[in-house]
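Novice: Any chance you could fold what I've pasted below:
(4 chains)
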Amino acid sequence: MSRRARLWVLAVGGLGLAVLLFAASLELPGFGGDWHPYGVRAVEAALARHTSNVVAAVNFDQRAFDTLGEESILFCAALGTVVLLRQTSDEHRVRPEPARVAPPVRRYALVALPVTLLIGLYIVAHGQLSPGGGFQGGVVVATALHLLYIAVDYRALERIRPIGLYAMADAAGEAAYLLLGAAGLIAGTAYLANVLPYGTFNTLASGGTVPLLNAAVGVEVASGVVVLLASFLDQAVEIVDADDPDSSGRNSDQDNSGRPRAPDNSDQPPAPDTSGRTPTPHNPPEEKPT
Amino acid sequence: MRPVADVLIVLALALVAASSTAAVLARDPVRQSTVLALLGLSLALLFAVLQAPDVALSQLAVGSALTPLMLLLSVRKVRRKGKEGGSHRNAGNRTGSTDQEGRR
Amino acid sequence: MNGWLSAAALLLLVGFAPTVWGAASGPVRRRVMAQNLATLAGCLVLLLLAQGYARPSYVDLALVLAVLGPAGTLVYARLLADELAERPARDPVARALGRAMTPLAAVCVPLVVLPLCVATGPGRAMVKLLAIGALLIGGNIVSTRALSARHATGHTPRGTGHTPQATGPERHTTGGQSGAAGG
Amino acid sequence: MSVLPYLVAGWIFLIGCYGLATSRNLIHAVGCLAVCQASTYVLLLAVGYRDGGTAPVFSDLKPGTRPVVDPVVQALTLTDVVVGATVTALLLALVVQVGKRHGTVDPDELSELRG
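Specialist: Numbers count the residues shown, from 1 in each chain, chains lettered A, B, ... in the order given. Here you go, the predicted model:
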């Protein structure tokens, strides 16, 4: 289909959809109305179970099974990304050179890292009380760790990020959620039922299983995002094509010296050389013919 | 309080609509990423005035640093590939769209 | 109660709305500067909203934005170092923003945070507010500096043909940055 | 006012679709998809809003003193935001892979390659 025809189809479809959406929005209950039957019942149920953040109660108690599904999507997305972005046999790794960052920025990052980490943990821990929870706090924690990349150095990040450990933590978070659900079965009620004592309203230990499920999600989201970003960083910073003669100099993370660098395969087995074009460390960089 | 709250909601809705339109119309992924960061921020403000602090927190966490980081890392990887396939490594291609033009 | 919300609406209109325009047009430098300003304005709006709705728990939003906003700007400063260096601050808006950001943060943040502190009274909430204010000012100064200073995050790939000029106000550059050249 | 948020949600969805269909760069297309996702958040939260209501979070509020907005849609949206980001990451990974295999991320050029 030509570009023009495609635009016409799009215009017709978009116009039709716009008309339908407009008609539908006229029939929806008006914005700001008083009629929220599910909301009222959810608030009652949450208060009956001593959970002061009703949104967390909906997520981890009343609709916990739904959240299990969401969490599995997250897990699968992280898994899929890692599989898609893994190092293939025709690629090799180049150690990035140390980045040069302005000293004030570096100092700020080194101060902000623990602060951000602490805020993330606070958000996770207070999920059942105030706005926050595992999903939000997990992302904040993961972002905090990556301050090391964006303001200090990639190698500093690598030092505190044993990726296997985070991958395991990701799986452990998912497994903890599943097993906590099974606790309901053991107690003789339904899967993911809230079987623990509800505790005192508006304290950290209130809400029965809500804080535990919350923590499991926090661990999973934080490590899942770290694993995700690790595979992106690997691709963007370290992994280069074997048949790219420039790559060793050009593709370093912050390249500024201009001299070709030898690929550092000390921790990686050398890629199987099928084409015979893999540059050895002694090859001078040569321009690739067009 | 009601009229001011309504004004805030309308204002936030207008900002979200404007920034989402701008995000679509920015064709270069690098330029789009800054608009997407703004979109995330205005969405968070909209969620705050719609009394959904949990959702606003979630949007802030995701939109302010994580999404731009992933987008820019992908751009960096894809551009590098585009460059090395080109006639010359330093052909001066700086935007994603011209990268592809330069390859042909 | 009404006054806080009115102030938030006003700040949203005059502080945040222009940044949408700034981030959607012009060179990359202006866009990133606008994003930096937007996090500042957005954070202050969130603080005012928390007070206006009489919900102290909304302050957590501002707390998170105060740490993640500068982190987002640093992402751009790091990954777009090439493009930021390639186009020196010729854009008047970007140059003005680069000059004005630090004084703006130093003036606006206390202007919002101190009345809020008076309204909440002494206690944990006030400490939290002051912490947010400090994080906001510090983060904004640092991220503005990272954007405008000619710091050496590798913006001189060999043979690219451009000579990175001094970008941004000179007073942001510190002696240590040029001394960091090695390799 | 009573339909404005729904119309805004519809507009965001449509403009996102327009961007998806006319995109010349797959990374840009992923960004447009993120815009489309944003429309669902706006719609869901608009449905749950109540005039004069406040957040259903009782850490700093005595239950029953103020009307609260609908927590169910908020819970749906909350998980959606984070999961949406990881799905964006998955799509970006696909784009990176496409770029590696074919050397281009322009959808038009990609269909030429196939044909």
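Novice: Identify the residue nearest the geometric centre of the chain.
Specialist: As the question left the chain open, I've gone with chain A. When C-alpha atoms, centre = their mean is applied to chain A, the residue found nearest the centroid is residue A:225 (2.3 Å).
Novice: wrong one, chain B
Specialist: Chain B has residue B:36 as the residue nearest its centroid, 1.7 Å off, counting by C-alpha atoms, centre = their mean.
Novice: Could you tell me how far it is located from chain D?
Specialist: 6 Å (C-beta to the nearest C-beta, to the nearest Å). For every residue, glycine as well, the C-beta is placed using N, CA and C.
Novice: same check, this time on residue C:41
Specialist: Residue C:41 is 20 Å from chain D, by C-beta to the nearest C-beta.
Novice: ok, that residue touching residue C:15?
Specialist: Yes: with contacts counted by C-beta atoms under 8 Å, residue C:41 reaches residue C:15, the gap being 3.6 Å.
Novice: now the longest helix seen in chain C: how far from the chain's centre is it?
Specialist: Longest helix of chain C, by residue count under DSSP state H: helix C:92-120. Put simply, helix C:92-120 sits 9 Å off its chain's centre (C-alpha atoms, centre = their mean, to the nearest Å).
Novice: In chain B, which residue sits closest to chain C?
Specialist: In chain B, the residue that lies nearest chain C is residue B:22 (3.6 Å; C-beta to the nearest C-beta).
Novice: What strand or helix carries that residue?
Specialist: Element membership for residue B:22 (DSSP states H and E) is helix B:2-25.
Novice: Sort out which residues of that helix are buried, please.
Specialist: B:4-24 (16 or more other C-beta atoms under 10 Å in any protein chain shown).
Novice: Would you mind listing where chain C has pLDDT under the threshold?
Specialist: Where chain C drops to pLDDT under 70, the residues are C:1, C:87-90, C:149-183.
Novice: which bits of it sit near chain D?
Specialist: C:53, C:55, C:56, C:57, C:58 (C-beta under 8 Å from any C-beta of the partner chain).
Novice: Please enumerate residues in contact with the host helix or strand of residue C:21?
Specialist: According to DSSP H and E, residue C:21 maps onto helix C:17-24. Residues outside helix C:17-24 that contact it (C-beta atoms under 8 Å, 6 or more residues apart in numbering or on different chains): B:11, B:15, B:18-19, B:22-23, B:25-26, B:34-35, B:37-38, B:42, C:30-31, C:33-35, C:37-38, C:41, C:93, C:97.
Novice: tilt between that helix and helix B:2-25?
Specialist: 10 degrees (axes from the mean of the first three to the mean of the last three C-alpha atoms, to 10 degrees).
Novice: Residue 70 - how many residues pack around it?
Specialist: Assuming you mean chain A. When neighbours are defined as other C-beta atoms under 10 Å in any protein chain shown, residue A:70 has 19 of them.
Novice: wrong chain, I was asking about chain D
Specialist: Here the number of neighbours of residue D:70 (other C-beta under 10 Å) works out to 27.
Novice: That one against residue A:36, yeah?
Specialist: Yes: counting by C-beta under 8 Å, residue A:36 is a contact partner of residue D:70 at 4.4 Å.
Novice: between these two, what contacts are shared?
Specialist: Common contact partners of residue D:70 and residue A:36 (C-beta under 8 Å, 6+ apart): D:48, D:50.
Novice: Count the neighbours of residue 37 for me.
Specialist: Assuming you mean chain A. Close neighbours of residue A:37, defined as other C-beta under 10 Å, add up to 9.
Novice: Hmm, no, I was thinking of chain C.
Specialist: 24.
Novice: swap in the one 3 residues further on?
Specialist: The local packing of residue C:40 (other C-beta under 10 Å) involves 28 other residues.
Novice: Repeat that for the one 3 residues further on.
Specialist: Counted with other C-beta under 10 Å, residues neighbouring residue C:43 total 29.
Novice: Give the closest residue to it in space, chain neighbours not counted.
Specialist: Nearest non-adjacent residue to residue C:43, counting by C-beta to C-beta, 6 or more residues apart in numbering or on different chains: residue C:65, 4.6 Å away.
Novice: residue ranges with poor pLDDT in chain B?
Specialist: In the predicted model, chain B carries pLDDT under 70 at residues B:1, B:81-104.
Novice: check contacts around whichever residue of it sits closest to chain D.
Specialist: Proximity of chain B to chain D (C-beta to the nearest C-beta) peaks at residue B:24, 3.4 Å away. The neighbours of residue B:24, taking C-beta under 8 Å, 6+ apart as the test, are D:15, D:16, D:18, D:19, D:32, D:35.
Novice: one step back: now distance to residue A:19, secondary structure and neighbour count too, for the residues of chain C next to chain D, in JSON lines please.
Specialist: Formatted as JSON lines, the residues of chain C next to chain D follow (distance: C-beta to C-beta, whole Å; DSSP: H, G, I helix; E, B strand; the rest coil; neighbours: other C-beta atoms under 10 Å in any protein chain shown):
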{"residue": "C:53", "distance to residue A:19": "37", "secondary structure": "coil", "neighbour count": "24"}
{"residue": "C:55", "distance to residue A:19": "39", "secondary structure": "coil", "neighbour count": "22"}
{"residue": "C:56", "distance to residue A:19": "45", "secondary structure": "helix", "neighbour count": "19"}
{"residue": "C:57", "distance to residue A:19": "42", "secondary structure": "helix", "neighbour count": "22"}
{"residue": "C:58", "distance to residue A:19": "38", "secondary structure": "helix", "neighbour count": "26"}
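Novice: check these against chain A, which are close?
Specialist: Applying C-beta under 8 Å from any C-beta, the subset of the residues of chain C next to chain D adjacent to chain A comprises C:57, C:58.
Novice: Looking at the residues of chain C next to chain D, which is nearest residue D:40?
Specialist: Nearest to residue D:40 among these is residue C:58, at 23.3 Å by C-beta to C-beta.
Novice: Closest one to chain B out of the residues of chain C next to chain D, please.
Specialist: residue C:58 (5.2 Å).
Novice: Is the nearest residue in space to the closest one that is not next to it in sequence in a helix, a strand, or coil?
Specialist: Among residues not flanking residue C:58 along the chain, residue C:50 sits closest, at 3.6 Å (C-beta to C-beta, 6+ apart). Secondary structure, DSSP: H, G, I helix; E, B strand; the rest coil: residue C:50 is helix.
Novice: Residue nearest the middle of chain D, spatially speaking?
Specialist: residue D:37 (1.7 Å).
Novice: dump the residue contacts of it.
Specialist: Taking C-beta under 8 Å, 6+ apart as the test, what residue D:37 contacts is D:80, D:84.
Novice: mind running it again at 7 Å?
Specialist: Residues near residue D:37 by C-beta atoms under 7 Å, 6 or more residues apart in numbering or on different chains: residue D:84.
Novice: In what element of secondary structure is it found?
Specialist: Using DSSP H and E, residue D:37 maps to helix D:26-48.
Novice: quick one: the helices in chain D?
Specialist: Under DSSP H, chain D gives helices at D:4-22, D:26-48, D:71-102, D:107-114.
Novice: The stretch 101-250 of chain A now?
Specialist: For the stretch 101-250 of chain A, the helices defined by DSSP state H, counting those that start in this stretch occupy A:103-125, A:134-147, A:154-159, A:163-186, A:210-233, A:247-250.
Novice: Buried deepest among these, which one?
Specialist: By mean neighbour count, with neighbours taken as mean count of other C-beta atoms under 10 Å in any protein chain shown, helix A:134-147 ranks first of the helices of the stretch 101-250 of chain A at a mean of 28.
Novice: What helices and strands are in contact with it?
Specialist: Applying 3 or more C-beta pairs under 7 Å, 6 or more residues apart in numbering or on different chains; DSSP states H and E, we find helix A:134-147 packed against helix A:103-125, helix A:210-233, helix B:53-61, helix C:59-79, helix D:71-102.
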